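**Q** Sequence first, then the predicted structure, then my questions.
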Amino acid sequence: VKSSDGGDPPSNSQATSVRPATASAECCEDSTDMCATEEDQSTDQPDISKGLLPLAKKKLCRLRVAQIYQETVDVKTFRLVACHGGGIPFSYLPGQFLTLTMPTGDKPIRRSYTMSSSPTQGYYCEITVKREEQGAGSRYLHDAVKVNDTLEVQAPSGKFVFTGKEADSIVLISGGVGITPMMSITSALTDMGWNGDIYFIAACRDPEHLIFQSELKRLQARHPNLHVFIAMSRIEKDVDGYHRGRLSKDRLAEWVPGIASKWIHLCGAPPMMDAVKQMLAELGVPGEKIHTENFGSQQKPQVRAAEREKIQKTTPVEKAGTVTFQKSDTSTEFMPDETVLEASERVDVNIDYSCRTGSCGVCRVKLLSGSVTMEVEDGLDPDDKANGMILACQAKSTGNVEVDA
């Protein structure tokens, strides 16, 4: 994002670190097919209008942290490059995320972070991360990672994409750090000279908490089809193009003419998204035109396990169903309110996962028999559903089920 439109990155960005860099000489040892030699790496810029897809999700690679930018007091952007030069060893679509494996605590953890950079920048990609006090992954990135460290990543994934082919205009509505995929989409569209209207609407507290402030101003000055509206809840009056107050139905109607017919991307914390979805419904926007990604905090697995144990001890429950993991030849009874993913972790069956909120789709598995309920299905597309795929992090059942894991 920092240089996609020709600007220089901020000069006040410093890395903070308390942990030494991981080995760089062996930084591609886990996936020689992805990034072993420079000859194997394409340096051509990806053409997002042709819908390039990333490499298989299970491919692993190590990328080097080339730069770290301090966006706001609690948000940093990490620029990642190939370990040995050349282009990054994958292509991606604007709005997709990377899954990082990080060595924190007793065992490595996996977390997904949406890329904020444009895929037209073939030599690097960027993730923008808010430090959360209860978030082990974000604390590790903010407090331990420094320039020239390497990070293990899975190839990009995610369905929260917009390439310019889906509609002739786009409305991007975000709250807080939910602005991240919107910047990737906006940078990509402006890089490729897309001539549709881009309505960029963001909500935050004040100018000090507005991520990508200078980039947005620069892009808006150069691209007349980019319309930027920022609502700030903690400023005393409208100033410098920023609007005092929160997002509202009236403001959305004013800022986006004909909003009922627009293609809309919405990203932020669940309460913010619920409120905006209600506004959009009242403005006549069909549900199928609203595409969402949840940036809410996930509940820690150990907290969920403790709650289930409490339920077992205090509440009479009917006999639970059994989940069978066919490939692993393992079965176990469901605990109260337990998901397929949680059951798999309890019996050491490996199912890839990332967000644990039903958004990313990494934990998709095929349901071979039985039925499940899922509170969130955002990570599944119609083809997934037609093929019997479920989200292990969401799937629950009181009956017997069998999954392909």
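**A** Arrived safely. Because the structure is a prediction, the values reported are computed rather than measured. Numbers count the residues shown, from 1 in each chain.
**Q** can you map out the helices along the protein?
**A** For the chain, helices defined by DSSP state H occupy the ranges 32-35, 136-143, 179-191, 213-222, 249-255, 270-282, 301-314, 340-346, 382-386.
**Q** and the protein, what are its domains?
**A** Annotated domains of the chain cover 32-157, 169-294, 301-403 [automatic domain parsing].
**Q** Arg139 contacts Val145, doesn't it?
**A** No - Arg139 lies out of contact with Val145 (Cβ atoms under 8 Å); the separation is 10.4 Å. All C-beta spots, glycine's among them, are computed from the backbone N, C-alpha and C.
**Q** hmm, back to that, now the domains of the chain in JSON lines, with distance to Thr163, mean neighbour count and mean pLDDT?
**A** JSON lines is the format used below for the domains of the chain (distance: least, Cβ to Cβ, whole Å; neighbours: other Cβ atoms under 10 Å; pLDDT from 0 to 100):
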{"stretch": "domain 32-157", "distance to Thr163": "5", "mean neighbour count": "19", "mean pLDDT": "83"}
{"stretch": "domain 169-294", "distance to Thr163": "8", "mean neighbour count": "18", "mean pLDDT": "96"}
{"stretch": "domain 301-403", "distance to Thr163": "15", "mean neighbour count": "17", "mean pLDDT": "84"}
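**Q** which residues touch the residue positioned nearest the centre of the chain?
**A** In the chain, the centroid-proximal residue (Cα atoms, centre = their mean) is Thr114; its distance is 3.5 Å. By Cβ atoms under 8 Å, 6 or more residues apart in numbering, the residues touching Thr114 are Gly95, Gln96, Phe97, Ile127, Thr128, Gly158, Phe160, Thr180, Pro181, Ser184, Glu293.
**Q** Which ones among those residues map onto strands?
**A** Using DSSP state E, the subset of the contacts of Thr114 located in strands is Phe97, Ile127, Thr128, Glu293.
**Q** Pretty sure Ser331 sits against Ala343.
**A** No - counting by Cβ under 8 Å, Ser331 stays clear of Ala343, with 9.6 Å between them.
**Q** what touches both of the two?
**A** Shared contacts of Ser331 and Ala343, defined by Cβ under 8 Å, 6+ apart, comprise Val323.
**Q** Quick check, Asp337 in contact with Thr398.
**A** No - shown here, Asp337 and Thr398 do not form a contact pair, counting by Cβ under 8 Å, at 10.1 Å.
**Q** check contacts around Gly245.
**A** Ala231, Met232, Ser233.
**Q** can you list the residues you listed in JSON lines and add distance to Arg222?
**A** Rendered in JSON lines, the data for the contacts of Gly245 read as follows (distance: Cβ to Cβ, whole Å):
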{"residue": "Ala231", "distance to Arg222": "23"}
{"residue": "Met232", "distance to Arg222": "24"}
{"residue": "Ser233", "distance to Arg222": "29"}
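**Q** Filter the residues you listed down to the ones in strands?
**A** Among the contacts of Gly245, DSSP E puts Ala231, Met232 in strands.
**Q** ok, the contacts of Gly245 vs Gly287, which is closest?
**A** Closest approach to Gly287 among the contacts of Gly245 (Cβ to Cβ): Ala231, at 23.2 Å.
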